[in-house]
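>>> prediction below, plus the sequence it came from.
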Amino acid sequence: MKNNQTWNFQNSYIKLPTELYFKQFPASVKNPKIIYFNSSLATELGIGFLSEEEAVEYFSGNKIPEGAAPITQAYAGHQFGHFTMLGDGRAILLGEQITPKNVRYDIQLKGSGRTPYSRQGDGNATLSSILREYIISESMYHLGIPTTRSLAVTQTGEKVYREQVNNGGVLTRIASSHIRVGTFEYVKHFCSKENLEVFTKYVIDRHYPEISDADNPALELLELVMLKQIDLIVNWMRVGFIHGVMNTDNMSIAGETIDYGPCAFMNIYNPKTVFSSIDKNGRYSFGNQSVIAQWNLTVFANTLIPIISDNKERAIHLAEEKLNEFSLIFSMNWYQMMYKKLGIIKPIEEDKILVDTLLQLMDKHQADYTNTFAALTLNKVSNDTLFISNEFNQWRKQWKNRTNHSDNRIKVFKLMQTQNPLVIPRNHLVELALENAIQGNVSQFNELLNLISKPNDYKSNHDKFQTIPEGFDDCYKTFCGT
């Protein structure tokens with residue numbers, strides 16, 4: 001055991017106005033059992049000293065770590081465009097662990113019982129839903145995408161009643177913070193302007209201290225959060241990730257992916273792809289994620305108007321100037337990402353046509369998104385009809401003319417390797433692993449965890465690409481799991 005491994009909690013959030021939280025202990029459970037414990041993450045956090053017996057007590061909610069001050073946070077949010085009062089209805093923030101490297105992380109128990117924000121809910125979580133969050137968040141981490149992470153999955157030994165009877169579980173979630181656009185909405189709508197100023201200063205000091213002395217910190221905060229969200233959505237689109245429920249309460253101020261309810265990865269390329277059972281009109285489809293990010297940022301900007309300027313018209317004008325930059329910055333960043341996926345080291349304007357044409361052909365031939373770019377990286381042929389079409393072969397010649405120069409061929413290959421995963425958590429593999437894991441057989445879940453931990457391992461043998469069972473995605477739906 002390293003001597004820097006210890007609980008090292010701070011509780012800065014409880015120094016904020018009391019309207020922002022309730023002090024709340026998690027519910028105790030009778031027969032908890034640790035299903036997964038992320039030991040490497042625990043060591044990074046400084047709590048690698050925990051025995052299995054200690055871990056099960058802490059991460060079931062039966063025992064509170066020394067120095068923790070458990071609270072449940074208030075927030076609001078626009079859900080599918082409609083404003084709603086929310087809050088942590090099934091989550092308890094234990095506090096902020098300061099790591100041996102002096103980094104601050106929230107440690108939160110999700111599914112830990114009723115809170116003042118639970119409304120009609122029971123505050124519990126199904127074991128299946130938290131195992132899903134564990135596997136997908138770990139996949140995102142290994143894909144190099146900013147994300148909340150899962151420290152532990154604990155089976156409570158109790159039943160959770162939804163459409164059917166489920167095993168209950170608690171997820172221990174790690175985040176830079178759990179502050180959302182929806183938190184700002186709550187403060188703006190239900191607290192004073194003074195509280196909004198105090199809260200905004202807290203967020204800036206915690207996440208963006210470099211702008212604390214700016215002439216207009218609130219305006220600078222809007223810009224930095226916008227840039228973080230652009231980077232995040234571009235990263236999602238790099239790997240075909242669909243969040244599924246991009247409500248404002250699921251947009252992290254820190255720029256991390258948060259809430260893995262109805263999320264999924266796109267297999268066949270189609271910008272209109274939706275897997276979420278509650279997204280009836282495609283609001284949160286793969287190709288619409290940047291549009292929704294901009295919409296959410298507009299909501300965020302509106303919460304900051306009172307402190308951007310005392311002159312409301314001027315405040316609106318300044319915020320609009322920032323928001324009007326979104327589309328151009330996003331487009332530039334998205335194309336830069338696509339150029340890297342294609343190994344284009346020194347892009348020129350005409351390369352946009354190369355990108356656009358490829359995506360049009362992939363859409364037309366219903367090509368697998370991940371496999372197409374993996375095949376291009378490996379200079380192989382995928383089994384999609386795309387690879388035998390004349391249009392694609394013409395495109396491929398043009399692409400090779402842009403990338404196959406002898407002096408940079410190795411650089412091109414290495415660049416593409418970093419951007420194009422060979423494996424993603426395919427929907428059918430996730431569902432099969434979850435189905436067996438909740439029955440007590442975790443072998444396939446472990447195999448999937450191992451698979452997604454090395455998504456860009458081009459040194460292994462890749463005679464076959466990942467494929468999906470025919471027709472599987474046609475009626476595949478994901479759910480919030482609440």
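Good, I have the coordinates. No experiment lies behind these values; they were computed from the predicted model shown.
>>> any weak-confidence spans in the stretch 1-150 of the chain?
Across the stretch 1-150 of the chain, the ranges flagged by pLDDT under 70 are 1-3.
>>> for it, which segments count as helices?
Ranges of helices in the stretch 1-150 of the chain, per DSSP state H, counting those that start in this stretch, are 39-45, 52-60, 127-142.
>>> also the stretch 351-482 of the chain?
Assigned helices in the stretch 351-482 of the chain, in chain order: 351-364, 369-378, 390-403, 409-419, 427-437, 443-452 (criterion: DSSP H, counting those that start in this stretch).
>>> and these as JSON lines, adding distance to residue 112 and mean neighbour count?
(Glycine included, C-beta is placed from N, CA and C.) Shown next, in JSON lines, are those (distance: least, Cβ to Cβ, whole Å; neighbours: other Cβ atoms under 10 Å):
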{"stretch": "helix 351-364", "distance to residue 112": "43", "mean neighbour count": "16"}
{"stretch": "helix 369-378", "distance to residue 112": "35", "mean neighbour count": "23"}
{"stretch": "helix 390-403", "distance to residue 112": "51", "mean neighbour count": "14"}
{"stretch": "helix 409-419", "distance to residue 112": "38", "mean neighbour count": "16"}
{"stretch": "helix 427-437", "distance to residue 112": "20", "mean neighbour count": "19"}
{"stretch": "helix 443-452", "distance to residue 112": "22", "mean neighbour count": "17"}
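>>> winner for burial among the helices of the stretch 1-150 of the chain?
helix 127-142 (a mean of 23; mean count of other Cβ atoms under 10 Å).
>>> elements contacting that one?
Contacts defined by 3 or more Cβ pairs under 8 Å, 6 or more residues apart in numbering; DSSP states H and E place helix 127-142 against strand 33-37, strand 149-161, strand 165-175, helix 427-437, helix 443-452.
>>> can I take it that residue 195 is in a strand?
No. If the criterion is DSSP: H, G, I helix; E, B strand; the rest coil, then residue 195 is helix and not within a strand.
>>> didn't it look like it was pressed against residue 183?
No. Here residue 195 does not reach residue 183: they are 11.8 Å apart, not a contact under Cβ atoms under 8 Å.
>>> ok, longest helix in this structure?
Ordering each helix of the chain by length in residues (DSSP state H) puts helix 217-239 first.
>>> may I have stretch 349-361 as PDB, with CA atoms only?
Output of stretch 349-361 as PDB, limited to C-alpha atoms (Å, rounded to 0.1, in the frame of the first residue of the first chain):
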ATOM      1  CA  GLU A 349      -9.900  23.200 -48.800                       C
ATOM      2  CA  GLU A 350     -10.700  20.600 -51.500                       C
ATOM      3  CA  ASP A 351     -10.300  17.900 -48.900                       C
ATOM      4  CA  LYS A 352     -13.800  18.800 -47.600                       C
ATOM      5  CA  ILE A 353     -15.200  17.300 -50.800                       C
ATOM      6  CA  LEU A 354     -13.200  14.100 -50.100                       C
ATOM      7  CA  VAL A 355     -14.800  13.900 -46.600                       C
ATOM      8  CA  ASP A 356     -18.300  14.700 -47.700                       C
ATOM      9  CA  THR A 357     -18.200  12.300 -50.600                       C
ATOM     10  CA  LEU A 358     -17.100   9.400 -48.500                       C
ATOM     11  CA  LEU A 359     -19.900  10.000 -46.000                       C
ATOM     12  CA  GLN A 360     -22.500  10.200 -48.800                       C
ATOM     13  CA  LEU A 361     -21.200   6.900 -50.200                       C
END
